[in-house]
Structures are given as C-alpha cells and as structure tokens.
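1. Take a look and give me a structure for this.
(chains A and B)
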Amino acid sequence: MAVKLFTNKDVADLLRRVSTVYTINDDSTFRIQAYERASVSIEHLNGEIKDIWEEGKLEEIPGVGKGIANYLDELLRTGKVKHFEKLFKKIPEAVFIFERIQGIGPKKAYSLATNLKITSGKDAVDKLKKAAKTEKIREIEGFGEASEIDILSGIEAYLRGETEEKRLLLFEADMMASEIIDYLKSNNDILEANPLGSLRRMLSTIGDIDISVSTNNPKSTIDHFVKYPKIKQVLSKGEETLVRVILFNGKQIDLRISKPESYGSMLQYFTGSKQHNINLRNYAIKKGLSLSEYGITLAQNAKRKTQNDSEKLKIFRDEVGFYNELGLQWIPPELREGGGEIAAAENKQLPNLVEVMDIKGDLHLHSDFSIEPSHDLGMSSIDVMVKTAIELKYEYLGFTEHNPSVSKHTKDNIINLLKRKKDFIEQYKYSQGNKLPIKILNGLEIDISPKGQLAIPDNGYQYIDYAIVSIHSSLDTPKEEMTKRVLSGLSNTKAKILGHPTGRLLGEREGYQLDWDLVFDFCVKNNKFIEISSWPNRLDLPDYLVKDAVKYNVKLIINTDSHEVSQMLFMKYGVSVARRGWAERKNIINTLPYKELAGILL
DNA sequence: GCCGTTTTCGGCCCGACTGTTTTCAGTCG
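-> Predicted structure coming up:
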C-alpha cells in the first residue's frame, strides 16, 4: 500500500526535477528528454497514477519503460526513490523554484542559485529579486544587464502568479484568438490567419495561444501585429517567422509567419499534437520521407541512395496537399492526438465528423419562466430564445428549467408549477399562431437525489415531454454507489438524457466517478442518451469518454445548457468535443429531423 | 531512459531567438 498519496502532478513534478538535474549535469539529452516525456505523459493521464500502479500497468504509460516504472514503484511503495534523492543532494532546492520563472531554465537556475548562494526554496524568489535590484546578477558570468532586466520582469510575472499554468477555457481562448485574428485580417498583406496548437485542435482548456498567418510581406505583418493595442510586452521579434508577445491579461501569444506557398506545411507542423506529429514522422520515415515545418524532403538515409534529385523540399500551400503527399486523407485537427488517426487516414476510414451545421435543435435551455427552481433560473425569455433558435435554423428546441425546489414546496405546489409552465408554453405556441417554423418541447432538468430518486412526484410527469436527469448534490459519492444512483435516475420512462454526466468543472473540480461500462450498456439497452454539455467550463461528457461511448454505440446529444440567449452560440464547443471523440452525425440524436427525434425521445 | 510492420541495438527533432558571446549557449515550443 502507498505510504503517501502521490497525485499525478506530484509524480510529474518529481520526474521533471530529475530531468532538470540531468540537464545541469550535462547528462545525455536523450535521458533528459525521456524523463521530460514521462513527466508530461503522467501529468496528462486520464486515470490516477496510483490506480495504474496498483493494476501493475505503469509500463503501459507512454514514455514509461522498465527503468522509470521501477523508480515509480519504489516511490509509491516507500514514499521516495533512493536514486533520485542522491541526485537531488547536490542541487539547491532554489533551482527548482527558479526554473519556473519565464526565461530561466535549469542551467541559469543553477548558476543563479550557486553564485548568489541561495539554497533553500523558501524566500528564494524574494532573494533573487533583491539580487536583481541590487545589480548582483549582471556580475555573474553569462549574465548581463539585459538578462538581469529580463529576469526581474520574469520574477514580477511569477509573483503575480502568471507563470502558474492557469489554462484558459476553450471559449476564452477562442474569443481572444478571434479578436486577434480579426485585427490581423485588417491588414491587407495578411492573406490567411488561423489558430494553431491546442486551440485549433479544440482542446477543452488551452495554455498559450498560437496564431499563424500567411503573407508575402512579413515585415508589414510584424509591424502591424506589434501594434495590437492589448500587447503589454514584446518578448521576442524575429525578422520574418516568429513574434512572441504578452498581453495585458498575462497571456502569451505566439505569431508564426509563413509564405502562402508553404503555409500548409507550417499549419500542419504547429497544429500538433506532439504525439500526432511524432507518429506522422515515423509513418513518413517508412516511406523514406522527412517532415518539417517547411515541407517534405527525402529522409537522410534515402538521400544517399538517390543523391541527384533528393535535396528538393516539397512545399504545400494547404494541409490537404501535405497529407495527400503522404498517402493520407486530410485529418481534421480535432483527431490529431495520436489515437489511431493516421492508420484510419491511410485506410480512408476517417470518421465523417459531426459539424455545427448538422445540429437541428437544442434540448437543454433554461428560460426566465420561473417554476421556482432548485437551482439557477434562466435570464432570457422563452420568446427570445425561440427567435434565436429560428435564426440558427433549428427545427426544435426544448426548455428544461430546473425542477421546483423540493424543500420549499409541497408535492401539490410542484404539480401546480409544472402545470403552469405547460400551460404557458401551450399559450405561447397558440399566440404565435401557425407561423412558428419550429417545434417547442416542454422539458425539465431533474435532480437525481442521493438515493437515486427524481425530485418530482410521480403524477408530475404527465406535464412534461421529457426529462434531463443530472447530479447536483453529494458529489463525493463513491463510484459504485454513484453508478447505481445514476442508473436509478435514468430508469424513469420520461428520463431520457443524462445531463453533464461527470459533473466536472474545468479548473475547479474533477467530477465524480462512474462505472462507464455499466452506464453505456444501460443507455444502449434502454434507449437513453448521454449529454455533451457545451457549457464552457463543463464540456462534459469529456472527449475521451465520447470516444468510448461512440465505440459502444451509445447515442449522444449536444446541448448548451443556456441560461441566457447569447449562450446558445456555445453549441460549437460541444460539437468540438463530439468531434474530438470521433463522433459522426449518426451518433448525435439532435442531428435528426424532428419526426425521427420525437420517435426516440418522446 | 524509451522504443520497435524492416526490434533487443541504435536510433532518438531541432530551429528561432536572445544575450553575451567573438562563434555559442540557454531557453522555448
């Protein structure tokens, strides 16, 4: 049994420290990278390292082999790794603090800590700041006035907490990037502008924002970009390929610039993911080709054989040409995660991913019609939301206010409230005559109580068309019990949809555990649907579970959970989650025309 | 230290940028 509870982050940090020490010691770069890789891989694990260890599956983690697995086993058994302790002995604790400051890596951190005699981690940053202010750093070999100033501004950012990996929600990053892209496009020399990296792949959270542009005039592009009003500081500025800036909100933006004729190669290269590109490179090597951000060349070993025509770099205006050259279908960015997409593209078996245009309705909306709900009431009227849905060319939408609070109402009160809402919707439809080009459904979002009961009386169901059931309380219920609770809630005939199924809140809480095999199986057998919530800090069901659900043939529904009319536009984020989970139109029930949807929902 | 449709050895990404250099090292992605 574990002596101490190690989280994934603890273990990732430990391995990163090891790679730091090896870097300082000028050890093999490959060993350094190996620890780095293992660290990243463990940090991004879906499950807990402790569970994986208990199942004896450490070596199944990518980047973890026999060596590191043995060390981790020692760590989780005894609470420490003797070999690592020995390595750390020679390194001042302050080094591991300093290297978290922007612009300081392992070697500079070590040089600073030893030369300034700052050893303990406590107050290390304050001491470093004092050294910078008293111009002690510029006296150290390898540093100068400029780097002293850099370090000072790095320290200030660090002290403001900006270096902590506060990831943005997808929607925040998307807003910021769109604004920058609009600004960039106001310059006529900029022909194309797109996000790169995790934003282009539509991950649920985003670290840094990278943006690419194609232009024949890099100089004008760079001059234009650095005048963007929200830039606080230009970190670095190249001649024609890269500009790196910090905005006033502390976020770093990298702008990558390319000629139009090779824009495709660059877009591909910097969209990633890292794992996708590694796999793609290995796949290319087998064909004797070598990939880079500039295009495709014959690989080194192939070059020698055919020296005559080998040096030529093949460049690509767009990504389609790039992938086709490798004998692959173009792979949508959302799939580029190293999850079998290259093999699928080779066999022309990539899924035909669902698109925003396919969505024909939103079935999770909270209007401002008060039924004295248990949770927050919506802020927009039914009428406004209906009008917006019509603009979005939806065929149907469903209002699912929270059930009336149980503690504040008698059963009769609840029934009356449900009746009132049903009447209101009927009247609304009547008042619009036959000119409404959209079907309006009267739903309800119902709490599943800790005991698995739904929070309205049995005779209330006749007043609603369908129910979304979801967990809003007792989130720490253990997995097995929580699974029973959810299945019990879903057993009601009107309960068709499991709302925000993991309960996670990005950056706030993990959510509860469910036995997904049981839940998926239940849904397939009983005609129940699992929601993908487009709500920016939910995006729940998460992408990796969508992928499992699709394999299980579970039907999903993408909803916005809007509490205000403008939030209905968040649909695209839910769709991106579905796409990242390899979902096609057929997997998503709100792509169906109304008649077919009604057949399975009502 | 990891990894494997040309496997148990011999590969493993490297280019852009900056600052302190006088030809390069460190950091970053």
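2. got the contact list for the residue in the stretch 201-350 of chain A that DNA strand B sits nearest to?
-> Of all residues in the stretch 201-350 of chain A, residue A:238 sits closest to DNA strand B, at 1.4 Å by C-beta to the nearest atom of the strand. (C-beta placed from N, C-alpha, C; glycine too.) The neighbourhood of residue A:238, defined by C-beta atoms under 8 Å, 6 or more residues apart in numbering, consists of residue A:222.
3. same thing with the one 4 residues further on?
-> When the contact criterion is C-beta under 8 Å, 6+ apart, the partners of residue A:242 are A:236, A:254, A:255, A:256, A:257.
4. next structured bit after the lowest-mean-pLDDT helix or strand in chain A?
-> Taking mean pLDDT, DSSP states H and E as the measure, the helices and strands of chain A show their lowest mean at helix A:300-305, namely a mean of 43. Moving toward the C-terminus from helix A:300-305, the first helix or strand encountered (DSSP states H and E) is helix A:319-325.
5. Pull out the buried residues from that following helix.
-> Of all the residues in helix A:319-325, those buried under the rule 16 or more other C-beta atoms under 10 Å are A:319, A:321, A:322, A:323, A:325.
6. which of the residues you listed sit farthest apart?
-> A:319 and A:325 (10.5 Å; C-beta to C-beta).
7. Okay, and whichever residue of the stretch 351-500 of chain A sits closest to DNA strand B sits in which element?
-> For the stretch 351-500 of chain A, the nearest residue to DNA strand B under the criterion C-beta to the nearest atom of the strand is residue A:351, separated by 20.5 Å. Secondary structure from DSSP H and E places residue A:351 outside every helix and strand.
8. From what I see, it and residue A:585 are in contact.
-> No: between residue A:351 and residue A:585 no contact is recorded; they are 9.8 Å apart, counting by C-beta atoms under 8 Å.
9. in the stretch 151-300 of chain A, which spans are helices?
-> Using DSSP state H, counting those that start in this stretch, the helices found in the stretch 151-300 of chain A span residues A:170-185, A:197-200, A:218-225, A:263-271, A:274-286, A:300-305.
10. Tabulate those (TSV), appending mean neighbour count and distance to residue A:521.
-> Conversion of these to TSV gives the following (neighbours: other C-beta atoms under 10 Å; distance: least, C-beta to C-beta, whole Å):
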stretch	mean neighbour count	distance to residue A:521
helix A:170-185	18	30
helix A:197-200	22	33
helix A:218-225	18	52
helix A:263-271	23	36
helix A:274-286	16	30
helix A:300-305	12	50
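11. Okay, now the unreliable bits of the stretch 101-250 of chain A?
-> Scanning the stretch 101-250 of chain A with the threshold set as pLDDT under 70 gives A:162-165.
12. Excluding chain neighbours, give the residue nearest to the residue of the stretch 401-550 of chain A found nearest DNA strand B in space.
-> When distances are taken as C-beta to the nearest atom of the strand, the stretch 401-550 of chain A approaches DNA strand B most closely through residue A:544, which lies 19.0 Å from it. Closest residue to residue A:544 apart from its sequence neighbours, by C-beta to C-beta, 6 or more residues apart in numbering: residue A:46 at 5.8 Å.
13. Please produce CSV containing the helices of the stretch 151-300 of chain A, extended by distance to DNA strand B.
-> Compiled in CSV, these are given as follows (distance: least, C-beta to the nearest atom of the strand, whole Å):
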stretch, distance to DNA strand B
helix A:170-185, 14
helix A:197-200, 7
helix A:218-225, 9
helix A:263-271, 7
helix A:274-286, 4
helix A:300-305, 7
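14. May I see those helices organised as CSV, with distance to residue A:594 added?
-> Converted to CSV, those look like this (distance: least, C-beta to C-beta, whole Å):
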stretch, distance to residue A:594
helix A:170-185, 29
helix A:197-200, 34
helix A:218-225, 47
helix A:263-271, 37
helix A:274-286, 38
helix A:300-305, 57
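15. Compare these and give me the one nearest residue A:141.
-> With C-beta to C-beta as the criterion, residue A:141 lies closest to helix A:218-225 of those, at 33.5 Å.
16. Could you tell me the angle between that closest one and helix A:170-185?
-> With axes from the mean of the first three to the mean of the last three C-alpha atoms, to 10 degrees defining the directions, helix A:218-225 sits at 120 degrees from helix A:170-185.
17. quick one: contacts of helix A:218-225?
-> A:184, A:187, A:189-190, A:213, A:215, A:237-241, A:243, A:245, A:255, A:257.
18. Which of the residues in stretch A:338-358 are classified as buried?
-> Of all the residues in stretch A:338-358, those buried under the rule 16+ other C-beta under 10 Å are A:338, A:339, A:341, A:342, A:344, A:345, A:350, A:351, A:353, A:354, A:358.
19. Relative to residue A:353, how far out is the fifth one?
-> From residue A:344 over to residue A:353 the distance is 12 Å, taken as C-beta to C-beta, to the nearest Å.
20. ok, now the fourth one?
-> When distances are taken as C-beta to C-beta, residue A:342 and residue A:353 turn out to be 16 Å apart.
21. ditto for residue A:294
-> Summarising the geometry, the distance separating residue A:294 from residue A:353, computed by C-beta to C-beta, is 29 Å.
22. Alongside DNA strand B, which residues does the stretch 101-250 of chain A contribute?
-> Proximity of the stretch 101-250 of chain A to DNA strand B is assessed by C-beta under 7 Å from any atom of the strand, with A:102-109, A:138, A:141-148, A:150, A:197, A:208, A:210, A:236-242 identified as the residues in range.
23. which stretch of helix or strand covers the spatially closest residue to residue A:514 that is not a sequence neighbour?
-> Beyond its immediate neighbours in the sequence, the residue positioned closest to residue A:514 (C-beta to C-beta, 6+ apart) is residue A:483, lying 5.1 Å away. With the criterion set as DSSP H and E, the secondary-structure element containing residue A:483 is helix A:479-490.
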